[in-house]
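# coords please:
(2 chains)
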Amino acid sequence: MAFIDVEGLTHVYLRGTPMETVAVRDVTLRIEEGEFIALIGPTGSGKSTLVQHFNALLRPTAGAVRVAGRDLSDPRTDLRAVRHLVGLLFQYPEYQLFEETVAEDVAFGPKNMGLSGEEVHDRVRGALEAVGLDLDSFGPRSPFTLSGGEMRRVAAAGVLAMRPRVLVLDEPAAGLDPRGKAEILGEIRSLHGRGGITVVLITHSMDDAASLASRVVVMDRGRIVMDGPTREVFARADELYAIGLGIPEVTALAADLRTRGIPVRPDVLTFDEAHAAIREALGWN
Amino acid sequence: MPMPLIEIRDLRHVYNAGTPQEVVALDGISLTVERGEFLAIVGGNGSGKSTLAKHLNALLLPTSGEVWVDGLDTRNRAAVWDIRQRVGMVFQNPDNQLVATVVEEDVAFGPENLGVPPVEIALRVEAALQAVDMAEYRRHAPHLLSGGQKQRVAIAGVLAMRPQCLVLDEATTMLDPEGRREVLETVRRLNASGVTVINITHTMEEAALARRIVALQGGRIGLQGPPTAVFAQPGMLEGMGLTLPVIPALARALRQDGVPLPDGILSADELGTALALVSAAPSPGSGA
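Numbering: from 1, shown residues only, chains lettered A, B, ... in the order given. This is a model prediction of the structure:
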């Protein structure tokens, strides 16, 4: 059975009022352990509403969500335990930092889980290491003396310290400068690469989706309209543009070069792939 | 020679001066913006970009130094509303900028506050909504629009003030790809019609669309010039926490492989044209 199993999920906000909005409409989605999924879609397509069902922050209007075999609609299910399994990092999480030191902020979640002081300390150290920050130098600092990228990583460490099996990230790089963005995405990539964690990345950047995820799920107006391996999804440029999305810049470049008679492989997704494909097409090896 | 639109002389801005939290955000900026320019201001988080932007319409005042807008000194309190009419700002979060319940009322908000007569306001609102291609949404509720549409309404609100300069402070950061395309196309069109544009961004692909880039580092100007000149200094950009946009970076990598590409390639179209020429020519080692 899939680790997260969403079956026929519909979510309606403000049902029965004039403001009624169907945010998610009959969505079925199965996420296996260890996957790295990019969830893309235009603003208002239902991405954030969908993922908030993964740990019961929102309840289905219709349909079912099961996490690790537990039915989240079953009143006997321990939702606290489910929230430890699925960690959600919302947009601009640095606004949620509130403790006086980085170490205390990261310790907040594990302390609430009722862990021993020693276990909390180990988890804080491990979580900070996982995002590339050293406990001894960063732990005692005030979160508010950090750079934007560092604050974002501390917020991610706060979620990781709960040792979730699934990490859901909503636009983790939005608003960061190129260096901060490379840092946080690099840490997410290596965290996933070390194994044991499933990642769902919500992003507006087709380039980030292409270079990080092995599977892309596309939402439009509350429905899943595409779901497949990254290369196959980004081969459907016309459909993606039609719903207000796009394809990675290098993929568009490859298509343009082909119309000019340069036989570049059409399915390149990353800078390195495009570089190699152009060299090959030019016979420059 | 006509007076430049914006003249900044040795601008310093210090937050929390004299306290332990003192931060020097701007440390001696001198910059002239000509009328009709399309300028991008880039820099890492904390480089001073947003602090600089807020000096352009007197939201912040210099700790020392001067900022002149269309001949008006921003330190002159009596000139504040004239300055804000001339320089309008659009910020990052589209949900924090719209105040009315109907699009056209939102756009009318600025000129109403200026005391513009109602007939004139109606004309301005119509022209502003046309300019951002949102006229058909004039009776819609702003909160039901997409992110890109909201930002275009915010831009229309600025345009209804008949400003000389539009300042965008990370205005596309929260938008989806279509929203970003809409806003950038709108801005390009406005600039072509004579509005000075200053785009503060850390998306280097966006900076490449400007005619001049000013790169800030630690509250100073670290690098400036046309995009081709700025992107010819990748090492310096990297030291500032910035990167080359994808296309110039790809052109550079291919050039380093020995592919004979000209300098100054910015767009995919330019790279495509150059590569087509290389592809048509005999390859090295082919003996031709």
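# and residue 184, how many residues sit next to it?
Using chain A. The number of residues packed near A:I184 is 23, by other C-beta atoms under 10 Å in any protein chain shown. Yep, even glycine has a C-beta here, placed from its N, CA and C like the rest.
# Chain B was what I was after
In terms of burial, B:L184 registers 20 neighbours under the definition other C-beta under 10 Å.
# I'd say it and B:E206 touch.
Yes - counting by C-beta atoms under 8 Å, B:E206 is a contact partner of B:L184 at 6.8 Å.
# Now do the shared contacts for these two.
By C-beta atoms under 8 Å, 6 or more residues apart in numbering or on different chains, B:L184 and B:E206 have these common neighbours: B:T172.
# Got the phi and psi for A:L212?
In this entry, A:L212 is assigned phi and psi values of phi -110, psi -40 (degrees, to the nearest 10).
# which residues touch it?
For A:L212, the contacting residues are A:36, A:38, A:185, A:188-189, A:201, by C-beta under 8 Å, 6+ apart.
# Can you tell me which residues in the stretch 1-150 of chain A are near chain B?
Taking C-beta under 8 Å from any C-beta of the partner chain as the criterion, the stretch 1-150 of chain A approaches chain B at residues A:41-44, A:147-149.
# can you redo the residues you listed as TSV with secondary structure and pLDDT?
Written out in TSV, the entries for the residues of the stretch 1-150 of chain A next to chain B read as follows (DSSP: H, G, I helix; E, B strand; the rest coil; pLDDT from 0 to 100):
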residue	secondary structure	pLDDT
A:G41	coil	96
A:P42	coil	93
A:T43	coil	87
A:G44	coil	86
A:S147	coil	79
A:G148	helix	76
A:G149	helix	78
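# Just send those residues back as a markdown table, with distance to A:P248 and neighbour count too.
Converted to a markdown table, the residues of the stretch 1-150 of chain A next to chain B look like this (distance: C-beta to C-beta, whole Å; neighbours: other C-beta atoms under 10 Å in any protein chain shown):
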| residue | distance to A:P248 | neighbour count |
| --- | --- | --- |
| A:G41 | 16 | 26 |
| A:P42 | 17 | 23 |
| A:T43 | 20 | 20 |
| A:G44 | 23 | 19 |
| A:S147 | 27 | 17 |
| A:G148 | 25 | 20 |
| A:G149 | 23 | 26 |
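# Please, where are all the helices along chain A?
Across chain A, reading from the start of the chain, the helices by DSSP state H fall at A:47-51, A:79-85, A:102-112, A:117-130, A:135-138, A:148-160, A:178-193, A:206-212, A:230-233, A:237-242, A:249-259, A:271-282.
# What helices and strands are in contact with the third one?
Applying 3 or more C-beta pairs under 8 Å, 6 or more residues apart in numbering or on different chains; DSSP states H and E, one finds that helix A:102-112 contacts helix A:117-130, helix A:135-138, helix A:148-160.
# Would you mind getting the angle between that helix and helix A:117-130?
For helix A:102-112 against helix A:117-130, the angle between stretch directions is 130 degrees (axes from the mean of the first three to the mean of the last three C-alpha atoms, to 10 degrees).
# what sits up against helix A:102-112?
Residues from elsewhere that reach helix A:102-112 (C-beta under 8 Å, 6+ apart): A:97-99, A:119-121, A:123-124, A:127-128, A:133, A:135, A:138-143, A:146, A:154, A:157-159, A:161-162.
# List only buried entries from those.
Neighbour-count burial (16 or more other C-beta atoms under 10 Å in any protein chain shown) is assigned, among the contacts of helix A:102-112, to A:97, A:120-121, A:123-124, A:127-128, A:133, A:135, A:138-139, A:141, A:143, A:146, A:154, A:157-159, A:161-162.
# who are the neighbours in contact with the residue in the stretch 51-200 of chain B that chain A sits nearest to?
Taking C-beta to the nearest C-beta as the measure, the point where the stretch 51-200 of chain B comes nearest chain A is B:E178, at 3.2 Å. With contacts defined as C-beta under 8 Å, 6+ apart, B:E178 is in contact with A:42, A:244-246, B:146, B:148.
# Could you give me the buried positions within the host helix or strand of it?
In this structure, B:E178 sits in helix B:177-192 according to DSSP states H and E. Taking 16+ other C-beta under 10 Å as the basis for neighbour counts, the residues of helix B:177-192 that come out buried are B:177-184, B:186-187, B:190-191.
# Tell me how many other residues surround B:E66.
Other residues near B:E66 number 15, with proximity taken as other C-beta under 10 Å.
# so who does the closest residue to A:V216 other than its chain neighbours touch?
If you skip the residues right next to it in sequence, A:V216 has A:V233 as its closest partner in space, 4.1 Å away by C-beta to C-beta, 6 or more residues apart in numbering or on different chains. Contacts for A:V233 (C-beta under 8 Å, 6+ apart) come out as A:216, A:218, A:226-227, A:240.
# hmm, try it at 10 Å
Applying C-beta atoms under 10 Å, 6 or more residues apart in numbering or on different chains, one finds that A:V233 lies in contact with A:38, A:40, A:206, A:209-210, A:213, A:215-218, A:226-227, A:239-240, A:245, A:247.
# sorry, back to before: which one of the contacts of B:E178 is nearest B:A281?
Using C-beta to C-beta, A:G246 is the member of the contacts of B:E178 that sits closest to B:A281, with 32.2 Å.
# Look up phi and psi at the closest one.
Here A:G246 shows phi and psi, under degrees, to the nearest 10, equal to phi -170, psi -160.
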